[in-house]
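> here's a sequence, model it:
(chains A and B)
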Amino acid sequence: METLERIIGQHPFFDGLGSDYAALLASCACNRRFKAGEYILREGNEANEFYLIRSGRVALETFAPQRRPIIVATLADGDILGWSWLLPPHVWKFHAHAVEDTRALALDGKCLRMKCEENHDLGYELLKRFAQIVSQRLEATRFQLLDVYSPKG
Amino acid sequence: MAAVAKLDPMVPPPCAVRQVVKETPDTFTLTLDSPRETQRNGFLPGQFSMLWVFGVGELPISISGDPAQPDRLTYTVRSVGQATHALVSEKVGGSIGVRGPFGTGWPLEAAHGRDVIVVAGGIGLAPLRPVIYHILRHRRQYGRLVLLYGARSPHDLLYRKELASWARQPETQALITVDYGGIAWHGHVGVVTTLFKFARLQPSRSVAMVCGPEIMMRFVTRELQNCGLKRDDIYLSLERNMKCGIGLCGHCQYGPHFICKDGPVFCYESVRPLLEKYEL
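Numbers count the residues shown, from 1 in each chain, chains lettered A, B, ... in the order given. Below is the predicted model:
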């Protein structure tokens, strides 16, 4: 049977992370499964976890008055869902639902925040990885905002 | 065999419209009978024609059909202005003037034995469709085919049935994304560069062919290089204001190049300094 520590060690997000840190993270982790259509996060709710997606597909969704919900991004195996747990006010900015049956590892944000305060090296390792994800998604969002396929050209 | 006189490249022989297919709310695919010279000599994937809508004007449009069927010419056109609107409004049996084919093609011979990464954005899939037809028809001459295609929304995806069929071909990976999806869309949402992490690439044995809005190609070339592709293994199709199609008028001048004659397909390495210049 795969241990949580092994799953964390093999996830691309934690590539190169030492086994002692993987063990620390595993103590804050649990396996989760979501059925297609099930909501994982709700905008405005407290953000106290993040997910390492192991298989399936998750849609990040927002809404505007008198419009149908809009999916702004999808995430799949190897991706990370959620970084609002890391920064105050620890509140989700989007809804997220499983598009397909999805398996993920949930990491408890409160537990991790505490461990990061106790162990700044672990905090730095995590921040470096999240900064990379934030930077990639910011670039993708800027590209998306350019609306390059618009009829206006 | 009697010699066939070479046609004056400035004369558009009228060609009959055989089929008009609505691809998306504003994009149509027209199939025409080829001029005699094209029936004989064929065309290269990546080349374009000048299409003359009689009484309206002339437009450069990439050929989007199968190079193994030179008796017909297929064009996918987005209706965005008066001339393109007139073009897509043509009825079966109508007539359009066709000059060409003009320009350079995609480097399909140089890609023999290698994996081919096709990256298309929006209507940029049209000039790359002949590449896909060619590779699937000559499967043993190439390694893996990886198609990464991005469109604005699910309604804007071109060639939907073919996309599904290409994805089922052996040694082929077809990944599709849209910039924005509705709740009913179950596919990937995100810009085309977000597909790279799902693509199974072997950069050292790959050639990339990219077509889409120029700004999209800038993002894509950066991503391809991040994946390990060399600049001279990346090819782009560029577009400017093509008029004569044979490098005489200078309307499509791009630095030292004429897009109509030296392009539209260029090696990224040869045009990189120009792509980085403002307002060129």
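> please make it C-alpha for all contacts and neighbour counts, starting now.
Noted.
> for chain A, what lies in contact range of chain B?
A:59, A:68-75, A:99, A:140, A:143-144, A:147-153 (Cα under 8 Å from any Cα of the partner chain).
> narrow those residues to those that are buried.
For these, a burial check counting by 16 or more other Cα atoms under 10 Å in any protein chain shown picks out A:59, A:69-75, A:99, A:140, A:143-144, A:147-149.
> so which pair among the residues you listed is furthest apart in space?
Farthest apart among these by Cα to Cα are A:Val99 and A:Val148. That separation is 26.0 Å.
> quick one: residues contacting B:Tyr278.
Contacts here follow Cα atoms under 8 Å, 6 or more residues apart in numbering or on different chains; on that basis B:Tyr278 touches nothing.
> looking at the buried ones among the residues of chain A next to chain B, which are in strands?
Secondary structure defined by DSSP state E assigns A:Ala59, A:Ile70, A:Ile71, A:Val72, A:Ala73, A:Thr74, A:Leu75 of these to strands.
> how about the first one, nearest residue that isn't a chain neighbour?
It refers to A:Ala59. Of all residues not flanking A:Ala59 in the chain, A:Thr74 sits nearest, at 4.3 Å (Cα to Cα, 6 or more residues apart in numbering or on different chains).
> didn't that neighbour look like it was pressed against A:Ile80?
No. Counting by Cα atoms under 8 Å, A:Thr74 does not reach A:Ile80; the two are 10.8 Å apart.
> show me where the chain has its helices.
Since no chain was named, I'll use chain A. A:4-10, A:19-26, A:109-118, A:120-145 (DSSP state H).
> nope, chain B
Per DSSP H, chain B carries helices over the ranges B:36-41, B:82-88, B:129-137, B:160-167, B:214-227, B:259-262, B:268-275.
> tell me the most buried of those helices?
helix B:259-262 (a mean of 24; mean count of other Cα atoms under 10 Å in any protein chain shown).
> packing partners of that one?
On a contact count with 3 or more Cα pairs under 8 Å, 6 or more residues apart in numbering or on different chains; DSSP states H and E, helix B:259-262 meets no helix or strand.
> interface residues of the stretch 151-280 of chain B facing chain A?
Residues of the stretch 151-280 of chain B that fall close to chain A, judged by Cα under 8 Å from any Cα: B:151-152, B:179-183, B:186, B:188-191, B:193-194, B:213, B:215-216, B:219.
> change it to 7 Å
By the rule Cα under 7 Å from any Cα of the partner chain, the part of the stretch 151-280 of chain B lying against chain A is B:151-152, B:179-183, B:186, B:188-191, B:213, B:216.
> in the residues you listed, find the pair that's most separated.
Using Cα to Cα, those span at most 26.6 Å, a distance reached by B:Ile183 and B:Pro213.
> would TSV of the helices of chain B with mean pLDDT be doable?
Output for the helices of chain B, formatted as TSV (pLDDT from 0 to 100):
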stretch	mean pLDDT
helix B:36-41	88
helix B:82-88	91
helix B:129-137	98
helix B:160-167	96
helix B:214-227	95
helix B:259-262	93
helix B:268-275	92
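> I'd like the ones you listed as JSON lines, with distance to A:Arg32 appended.
Shown next, in JSON lines, are the helices of chain B (distance: least, Cα to Cα, whole Å):
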{"stretch": "helix B:36-41", "distance to A:Arg32": "60"}
{"stretch": "helix B:82-88", "distance to A:Arg32": "51"}
{"stretch": "helix B:129-137", "distance to A:Arg32": "40"}
{"stretch": "helix B:160-167", "distance to A:Arg32": "30"}
{"stretch": "helix B:214-227", "distance to A:Arg32": "32"}
{"stretch": "helix B:259-262", "distance to A:Arg32": "54"}
{"stretch": "helix B:268-275", "distance to A:Arg32": "45"}
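> looking at these, which is closest to B:Arg200?
Closest to B:Arg200 of the helices of chain B, according to Cα to Cα: helix B:214-227, at 10.6 Å.
> send over that closest one as PDB, restricted to the C-alpha atoms.
Extracted in PDB, the C-alpha atoms of helix B:214-227 (Å, rounded to 0.1, in the frame of the first residue of the first chain):
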ATOM      1  CA  GLU B 214       1.600  36.500 -33.000                       C
ATOM      2  CA  ILE B 215       1.400  37.200 -29.300                       C
ATOM      3  CA  MET B 216       0.200  33.600 -28.700                       C
ATOM      4  CA  MET B 217       3.300  32.400 -30.700                       C
ATOM      5  CA  ARG B 218       5.600  34.500 -28.400                       C
ATOM      6  CA  PHE B 219       4.200  32.800 -25.300                       C
ATOM      7  CA  VAL B 220       4.400  29.400 -27.100                       C
ATOM      8  CA  THR B 221       8.000  29.700 -28.300                       C
ATOM      9  CA  ARG B 222       9.000  30.700 -24.800                       C
ATOM     10  CA  GLU B 223       7.300  27.500 -23.400                       C
ATOM     11  CA  LEU B 224       8.800  25.300 -26.100                       C
ATOM     12  CA  GLN B 225      12.300  26.600 -25.200                       C
ATOM     13  CA  ASN B 226      11.500  26.000 -21.500                       C
ATOM     14  CA  CYS B 227      10.700  22.400 -22.500                       C
END
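> returning to that earlier point: okay, and which of the residues of the stretch 151-280 of chain B next to chain A map to strands?
In this view, those that belong to strands under DSSP E are B:Ala151, B:Gly181, B:Gly182, B:His188, B:Val189.
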